[in-house]
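[1] test case, fold it:
(one chain, ligands or ions: 1)
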Amino acid sequence: CCVMIEIPLFVILCINTECCVPDVCRYPLGMSGGQIRDEDISASSQWSESTAARHGRLDCEEGDGAWCPETTVEPDNLKEFIQIDLNLLHFITLVGTQGRHAGGMGNEFAQMYMIKYSRDGSRWISWRNRQGKQVIEGNRNTYDTVLRDLDPPIIARFVRFMPVTDHSMNVCMRVELYGCKWLDGLVSYNAPAGEQMKLPAFPVFFNDSVYDGAITHMMTEGLGQLSDGVMGLDDFTQSHVYQAWPGYDYVGWNNESFPSGFVEIMFEFDRPRNFTTMKVHCNNMFSQHIKIFRQVVCYFRSDSDWESTLLSFSPVVDENDPSARFITVELTNRMANAIKCQFYFKDAWMLFSEITFQSDRAMYNTTLVPPTIGSPTNTPPDDPTHKIDDSNTRILIGCLVAIIFILLAIIIIILWRQVWQKLMEKASRRMLDDELTASLSIQTEVFGYNHSQSRVTNEQESNAAYERIFPLGPDYQEPSRLINKLPEFAQSSEEPNGAPHYAEADIVNLQGVTGSNTYAIPAVTLDLLSGKDVAVEEFPRKLLTFKEKLGEGQFGEVHLCEAEGMQEFLHEEYLFDIPEDQPVLVAVKMLRSDANGNARNDFLKEIKIMSRLKDPNIIRLLAVCIYSNPLCMITEYMENGDLNQFLSRHEPEGQLALLSNTATVSFSNLCYMATQIASGMKYLSSLNFVHRDLATRNCLVGKNYTIKIADFGMSRNLYSGDYYRIQGRAVLPIRWMSWESILLGKFTTASDVWAFGVTLWEILNFCKEQPYSQLTDEQVIENTGEFFRDQKRQIYLPQPVLCSDSLYKIMLSCWRRNAKERPSFQEIHRRLSDLES
Ligand code: ADE
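    Numbers count the residues shown, from 1 in each chain. Below is the predicted model of the structure:
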């Protein structure tokens, strides 16, 4: 990936027939191949260095795996873009996009986007399809490439991809352009606007519907249907474009509108060229009074003056064959940077669908060069004096023969691969079960689980061959990616390329400063001290007074503090119940002064993310102390601590509580708390954030049962039993994790939904029991395998005594095997709100 692929020169010379044919001209222009240089890729903004524009290359995983703009993309403010400068004009027929996968750590993608393009870098044109629609449907996950035809194709040097959202959202993109170099060199044509013909049955519109310049009675400074590579049909009332109106393929003029008897079209080129021919595709349906032109007179402009020597050509008018055809006009090697041609009417109408130019460079360098070959800047300069000679012809013939052989070889390989794949798929389906069972049993062996208790003893010796695992559905990662992750479950911990296993990556991601996970976002190197990344202010450290320690993690501590003058830093919604001059209680999370650079970076990363999260059910960052050490984050204080401890101290309403004199929480307050968690998660998921560790231990309780979601990470001693240590490295909250997170390392909003189901279960059990408390960690992982196999042997968490059937239904829906069938947080929130009312 991202490596420049050199294609032998003979291939360059060989492909000379595809000029402007959208079906053929579909070569990747060099984002994924590396031919487009980093300095030619720019963006409106970037989240961090590691998500700069240069990382927005399709299929590349460098940096943090994609280009991400600095802020969320807002629906009503389209300002973010990634821009590619191709250095030369290109005919672009196809675009490809991907999200940020980053080896399973990424979550962001663009569900929609728009394309803008420019030929000169100053006039920008919004691409529209033939129906006038600008928005293109983008990605649905972080890893699949989605290709979209640009119909009409564009002729441009600069292209921008602009993510579009229907709500405020984090978006990252990787992109590719496909097409070929535009060797016509035509940058615009000016022509009289096309006209309307009134046939008895229906009107026929001969306007240039994709013209991208200005249109009044004249069309100026644009390109359109005459250069879109689509040739009109013999019958002009039919159209190449499905559902287009009669006459769509043609631009046409009526003799009566032109007293001079001709239509003048002026063509501007990128630079002076030595022109050999012009080909005009004309309709010739003489039964409808349409004929090819009678005569064409062309003028040539070199530098700024029109030359006096004109060129005239009269084609043979054909009144026998009504088919549309190309008329070739010899331009006799005239040098020009603009050509003006007057096309004389032979009949009442003249209809053109395409006009192409062949100039010396185009002929020599082939009409259209597939652009994967060398970077645009590597293209040799034009040599206008160079002509095709015999040796070139011989080379061309040789190349054609070579190409035919290569194509034959490719066809044989493709056929062979298809047969092989079918065989492998059959074999894989049979083996997949065995393999996963094997991988799980191997794992249990590694962790010293007594496999005589396991159901899978027979398979333990089997050699788990993960290469044979194939995608389970469109939502799953492709095999190569699965393979990269699954070895975590095999005995060997070495991977051939030394890439980190997902659990290693998780160590970094899941253990923040006080152990925090900080949701799944790009790992960033922040420029926090410049202040440009933070949407939160510095607080004078001396105004903080320590009260007590609230918690401790691997890299720091959380203190309860009084903060003087904090009112200035509070948002309106907090101010109403806080006296003006009194100190405010706040939680201060502090990075240990001896913490290493990674921890510091993670701390700053956490600040950056937290500062952007603004929701009543997400813990709010109020201020920071980052100008000096130790780095501090000041968050709101929740007086009732975490939800797990809170519920553990309470009982359901009833006799038992009365007798033991324990504080109670009513069923409706339990539902109220669950609804708030769903609401906070609805917000996070709307931003494409994946929490990865939703559980009661990560929710805080304030006054009147208010809940805010936080993330304390995995290093709090109190909850160490909730995390499973893989070979002493990664720690994973396996009892809250979906089967695909455990087996495939796949963390998505749908896996957060799974964890929400478990959290709901905890709540209705008053956190008196750990999920699957009767199972060991290894048995939990085995049960995960059963969820995967789906042979009705998986064990679900039981319906808590207090839990109504409708609530249990919600839980079960969160644990559906197919991630796509799980409800969204929006739906969960709605269902819980309905239950409450
Ligand atoms: N971090 C740890 N305990 C906390 C609390 N009670 N409120 C806010 N943040 C906390």
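
[2] assign the residue lying closest to V536 once chain neighbours are set aside to helix, strand or coil.
    Leaving aside its sequence neighbours, V536 sits nearest to S611 (Cβ to Cβ, 6 or more residues apart in numbering; 4.1 Å). (Glycine included, C-beta is placed from N, CA and C.) Following DSSP: H, G, I helix; E, B strand; the rest coil, the label given to S611 is helix.

[3] S611 reaches L621, doesn't it?
    Yes - between S611 and L621 there is a contact under Cβ atoms under 8 Å: 5.2 Å.

[4] neighbour-wise, which of those two wins?
    Between S611 and L621, L621 has the larger neighbour count (other Cβ atoms under 10 Å), namely 23 against 20.

[5] distance of the more buried one from the ligand?
    Remark: distance between L621 and the ligand (Cβ to the nearest ligand atom, to the nearest Å) = 11 Å.

[6] does that residue really touch V536, like I thought?
    Yes - counting by Cβ under 8 Å, L621 touches V536, with 5.5 Å between them.

[7] average model confidence for stretch 105-122?
    In this model, stretch 105-122 has a mean pLDDT of 93.

[8] buried stuff in that stretch?
    Using 16 or more other Cβ atoms under 10 Å as the test for burial, stretch 105-122 gives 105-119.

[9] and the end-to-end length of it?
    End-to-end distance for stretch 105-122: 38 Å, by Cα to Cα, to the nearest Å.

[10] just how off-centre is it within its chain?
    Distance of stretch 105-122 from its chain centroid, counting by Cα atoms, centre = their mean, to the nearest Å, is 9 Å.

[11] do the same with stretch 251-265
    48 Å.

[12] in it, what's buried?
    251-255, 258, 262-265.

[13] check which residues of stretch 722-738 are buried.
    For stretch 722-738, by 16+ other Cβ under 10 Å, it's 722-724, 726, 730-738.

[14] repeat for stretch 635-650
    Residues 635-638, 640, 642-647, 650 are the ones in stretch 635-650 that count as buried (16+ other Cβ under 10 Å).

[15] which of those fall in strands?
    Using DSSP state E, 635-636 are the members of the buried residues of stretch 635-650 that sit in strands.

[16] kindly indicate which of the buried residues of stretch 635-650 lies nearest S50.
    Here the nearest of the buried residues of stretch 635-650 to S50, counting by Cβ to Cβ, is T635; it sits at 26.0 Å.

[17] what sits against the closest residue to L585 other than its chain neighbours?
    The spatially closest residue to L585, leaving aside those adjacent along the chain, is Y637, at 4.4 Å (Cβ to Cβ, 6+ apart). Contact criterion Cβ atoms under 8 Å, 6 or more residues apart in numbering gives 560, 585-587 as the residues in contact with Y637.

[18] which residues does A563 form beta bridges with?
    L544, V584 (DSSP bridges).

[19] in contact with it, which residues?
    A563 is in contact with 539, 543-545, 583-586, 634, counting by Cβ under 8 Å, 6+ apart.

[20] any idea how far V586 is from the residue nearest to L585?
    5 Å (Cβ to Cβ, to the nearest Å).

[21] what's the overlap in contacts for these two?
    With Cβ under 8 Å, 6+ apart as the test, Y637 and V586 both reach L560.

[22] state the distance from the closest residue to E548 other than its chain neighbours to D64.
    Counting by Cβ to Cβ, 6+ apart, the nearest residue to E548 once its immediate chain neighbours are dropped is L560, at 4.9 Å. L560 sits at a distance of 35 Å from D64 (criterion: Cβ to Cβ).

[23] so K768 belongs to a strand, correct?
    No - using three-state DSSP, the secondary structure at K768 is coil, not a strand.

[24] how about the closest residue to N617 other than its chain neighbours, what does it touch?
    Spatial nearest neighbour of N617, chain neighbours left out: G680 (3.1 Å); criterion: Cβ to Cβ, 6+ apart. The contact partners of G680, by Cβ under 8 Å, 6+ apart, come to 615-618, 707-709.

[25] do W67 as well
    43, 46, 51-56, 82, 172-175.

[26] mind redoing it with 7 Å?
    43, 46, 51-53, 55-56, 82, 172-173 (Cβ atoms under 7 Å, 6 or more residues apart in numbering).

[27] and if you look at R128?
    For R128, the contact set (Cβ under 7 Å, 6+ apart) comprises Q134.

[28] helix, strand, or coil at it?
    Per three-state DSSP, R128 ends up coil.

[29] per-residue pLDDT of the closest residue to the ligand within the chain, please?
    Closest residue of the chain to the ligand, Cβ to the nearest ligand atom: A587 (3.2 Å). pLDDT recorded at A587 is 95.

[30] now do the helix or strand hosting it: which elements does it pack against?
    With secondary structure defined by DSSP states H and E, A587 is part of strand 584-591. In this structure, strand 584-591 makes packing contacts with strand 556-563, helix 597-612, strand 632-636, judged by 3 or more Cβ pairs under 7 Å, 6 or more residues apart in numbering; DSSP states H and E.

[31] does the first one reach the ligand?
    Yes - Strand 556-563 comes into contact with the ligand (Cβ under 6 Å from any ligand atom), by way of V558.

[32] what do you get for the longest one?
    No - Helix 597-612 stays out of contact with the ligand when judged by Cβ under 6 Å from any ligand atom, the minimum separation being 11.6 Å.

[33] what angle do that helix and strand 584-591 make?
    Interaxial angle, helix 597-612 versus strand 584-591 (axes from the mean of the first three to the mean of the last three Cα atoms, to 10 degrees): 150 degrees.

[34] buried ones in helix 597-612?
    Going by neighbour count (16+ other Cβ under 10 Å), the buried part of helix 597-612 is 599-612.

[35] count residues in the vicinity of E74, would you?
    Per other Cβ under 10 Å, the neighbour tally for E74 reads 13.
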